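Asker: the sequence and its predicted three-dimensional model are supplied below.
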Amino acid sequence: MTVRTHRVGWPIAAVLAVCAGGKLLLQTHLLTVDRGRDDLVGLALLVPIPVLVTGWLLERWTAGPRKVAPLQDRSQAAIACLVFYTLLAGGVTGWMYHDGGKENVPSAAQVLPLPAELVSHEREGLTCSADRCGVGFTVTSNTGLTPQQVEQRVRDHLENTHGWHLDSTGRACCPAGWILDRSQTCLRVRVVPMSRQVSVDLTNDSTERS
């Protein structure tokens, strides 16, 4: 609102646009990440505050202080807007920290896409409760592999492509985030009894981390 130089104004506007666009893409799931979605959303909320302050200081340093104040009312409005945004962003970030990722659905990007010889079908409906939320897939082969071979292919894919470290029972857990999302994302791979399908289950569990 009070920018006097394009040299400072355009870079600051570009950073703010990136933050706003990134937050929108993450919250609408148009941009998927393996982990830390809440942390990235919180970062996009908070980064504009020091960016705006830094821009004001840089402009004051490069253009010097105003000798007259024709935009005094606009300057005061800009400061009021910055204070309001700081309080709002702080409140939203605090709520996200308090929530701790309880309502987050784990990202399928932690499993998919599978190798070409495997076919995955997401099971209908999410399994959600007060402290956990999960999604499941059934995996079959389109090349005639046995369920045990499918399971091994899935395990190899998850370990080599996505960095999971499954134990002998086909289970593994890792942090879903770092600061704001304190839940655990847990994975289980198993052959479904009496069928030729392999089940892959992803669960975000906020009871697993303190």
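Answerer: Yes, it's here.
Asker: domain assignment for the protein?
Answerer: 6-99, 108-205 (automatic domain parsing).
Asker: can you check my assumption that residue 186 lies in a helix?
Answerer: No. Counting by DSSP: H, G, I helix; E, B strand; the rest coil, residue 186 is not part of a helix but strand.
Asker: how about the helices in this protein?
Answerer: Assignment of helices within the chain using DSSP state H yields the ranges 6-27, 37-46, 48-63, 72-99, 147-161.
Asker: elements contacting the shortest one?
Answerer: Right, helix 37-46. Helix 37-46 makes packing contacts with helix 6-27, helix 72-99 when contacts are defined by 3 or more CB pairs under 8 Å, 6 or more residues apart in numbering; DSSP states H and E. Yep, even glycine has a C-beta here, placed from its N, CA and C like the rest.
Asker: put the alpha carbons of that helix into CSV.
Answerer: In CSV, the C-alpha atoms belonging to helix 37-46 read as follows (Å, rounded to 0.1, in the frame of the first residue of the first chain):
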residue,chain,number,x,y,z
ARG,A,37,1.6,-30.5,4.5
ASP,A,38,0.4,-28.6,7.6
ASP,A,39,4.0,-27.3,8.2
LEU,A,40,4.2,-26.0,4.7
VAL,A,41,0.7,-24.3,5.0
GLY,A,42,1.8,-22.7,8.3
LEU,A,43,5.1,-21.5,6.6
ALA,A,44,3.1,-20.0,3.8
LEU,A,45,0.9,-18.2,6.4
LEU,A,46,3.8,-16.8,8.4
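Asker: one step back: turn the helices and strands packed on helix 37-46 into JSON lines, including distance to residue 38.
Answerer: Conversion of those to JSON lines gives the following (distance: least, CB to CB, whole Å):
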{"stretch": "helix 6-27", "distance to residue 38": "9"}
{"stretch": "helix 72-99", "distance to residue 38": "5"}
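Asker: any idea of the mean pLDDT in stretch 46-63?
Answerer: Mean pLDDT, stretch 46-63: 79.
Asker: how far is that stretch from where the chain is centred?
Answerer: Taking CA atoms, centre = their mean, to the nearest Å, one finds stretch 46-63 lying 27 Å from the centre of the chain it belongs to.
Asker: tell me the buried residues in it?
Answerer: Residues 46, 47, 48, 51, 52, 55, 56, 59 are the ones in stretch 46-63 that count as buried (16 or more other CB atoms under 10 Å).
Asker: longest strand of the protein, counting residues only.
Answerer: strand 132-141 (DSSP state E).
Asker: that one pairs with which strands?
Answerer: Strand 132-141 has the following sheet partners, assigned by DSSP bridges: strand 118-122 (antiparallel), strand 127-128 (antiparallel), strand 198-205 (antiparallel).
Asker: could you dump those into a markdown table with mean pLDDT, mean neighbour count and distance to residue 139 added?
Answerer: Below are these laid out as a markdown table (pLDDT from 0 to 100; neighbours: other CB atoms under 10 Å; distance: least, CB to CB, whole Å):
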| stretch | mean pLDDT | mean neighbour count | distance to residue 139 |
| --- | --- | --- | --- |
| strand 118-122 | 89 | 14 | 5 |
| strand 127-128 | 68 | 14 | 18 |
| strand 198-205 | 86 | 22 | 4 |
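Asker: that's all I had, so thanks and see you.
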